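Student: Give me coordinates for this.
(one chain, ligands or ions: 1)
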Amino acid sequence: MFRSPFMNAVIEMAEECRNGEVPVAAAIVFEGKIVAISTNDVETSGIPWRHAEFVAISEALKKLGVRYLDKASLYVTLEPCAFCSAAIEKVRMRDIFFGAYDTKCGAIAHTIRLFDHSMVKPRIIGGIQEERCSSILRKFFGKMRSTGKRNVIEDEVEQSFDDAWSVLEAGSR
Ligand SMILES: [Zn+2]
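Tutor: Numbers count the residues shown, from 1 in each chain. Here you go, the predicted structure:
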């Protein structure tokens, strides 16, 4: 099984997320160190594409003073969406390590499967500590449901976790 202290770091950050953001966290690792780590910043910034990966990538570029992250690795608790996958492609990320699968919005193993059609071929490992990563999101959406704070997009996102979850459960039987 794939184990990494960096994956644990992003999982712990997502678990501690209390700012109303969908609890996803991402880190960029370069030369064995985390150079940038972030949760989603959609609610706080009001910008719908400020996903954890996008924020961490932007910070890493700035901190390292580089244009590409072809010697860096991304660790994220959820399969990146199409927007983040495009950003990952643009910076030529060397590795993508992610936790939960996202059957509706994920763009690595689902939907457009961006890297199937790209010249950029990062190493990709998905499903790392998947149950733990999925449960963070399920708990969050469960809480949203009980407090009545929901919208259509959240319903759809949650449904995609339910789908992924049933695939997982079916596979483990
Ligand atoms: Zn994204």
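Student: Can I get stretch 59-69 as PDB, trimmed to CA atoms?
Tutor: Extracted in PDB, the C-alpha atoms of stretch 59-69 (Å, rounded to 0.1, in the frame of the first residue of the first chain):
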ATOM      1  CA  GLU A  59       1.900  29.400  -4.200                       C
ATOM      2  CA  ALA A  60       4.600  26.800  -5.200                       C
ATOM      3  CA  LEU A  61       5.400  28.600  -8.500                       C
ATOM      4  CA  LYS A  62       5.700  31.900  -6.600                       C
ATOM      5  CA  LYS A  63       7.900  30.500  -3.800                       C
ATOM      6  CA  LEU A  64      10.200  28.500  -6.000                       C
ATOM      7  CA  GLY A  65      10.300  31.300  -8.600                       C
ATOM      8  CA  VAL A  66       9.800  28.700 -11.400                       C
ATOM      9  CA  ARG A  67       7.300  28.300 -14.300                       C
ATOM     10  CA  TYR A  68       7.100  24.500 -14.200                       C
ATOM     11  CA  LEU A  69       6.800  22.000 -11.400                       C
END
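Student: all numbers from here: first residue = 43
Tutor: Sure, I'll start numbering at 43, so the last one becomes stretch 101-111.
Student: Now do the buried residues in that stretch.
Tutor: 102, 103, 106, 111 (16 or more other CB atoms under 10 Å). Backbone N, C-alpha and C define where each C-beta goes, glycine included.
Student: For the second one, I want the exact helix or strand it lies within.
Tutor: Taking DSSP states H and E as the definition, one finds residue 103 inside helix 94-106.
Student: now what about that helix, what contacts it?
Tutor: Applying CB atoms under 8 Å, 6 or more residues apart in numbering, the contact partners of helix 94-106 are 52, 66-70, 72, 77-83, 109, 111, 114, 116, 118-119, 122, 125-126, 129-130, 133, 135.
Student: Pull out the buried members of those.
Tutor: Going by neighbour count (16+ other CB under 10 Å), these have 52, 66-70, 72, 77-83, 111, 114, 116, 118-119, 122, 126, 129-130, 133, 135 buried.
Student: Tell me which of those fall in strands.
Tutor: In strands, defined here by DSSP state E, the members of the buried ones among the contacts of helix 94-106 are 67-70, 72, 77-81, 114, 116, 118-119.
Student: quick one, what contacts residue 125?
Tutor: Per CB under 8 Å, 6+ apart, neighbours of residue 125: 91, 93, 96.
Student: ok, so of those residues, who is nearest the ion?
Tutor: Among these, residue 93 lies closest to the ion (CB to the ion), at 3.4 Å.
Student: how about the residues of the chain near the ion?
Tutor: With the criterion set to CB under 5 Å from the ion, the chain comes near the ion through 93, 123, 125, 126.
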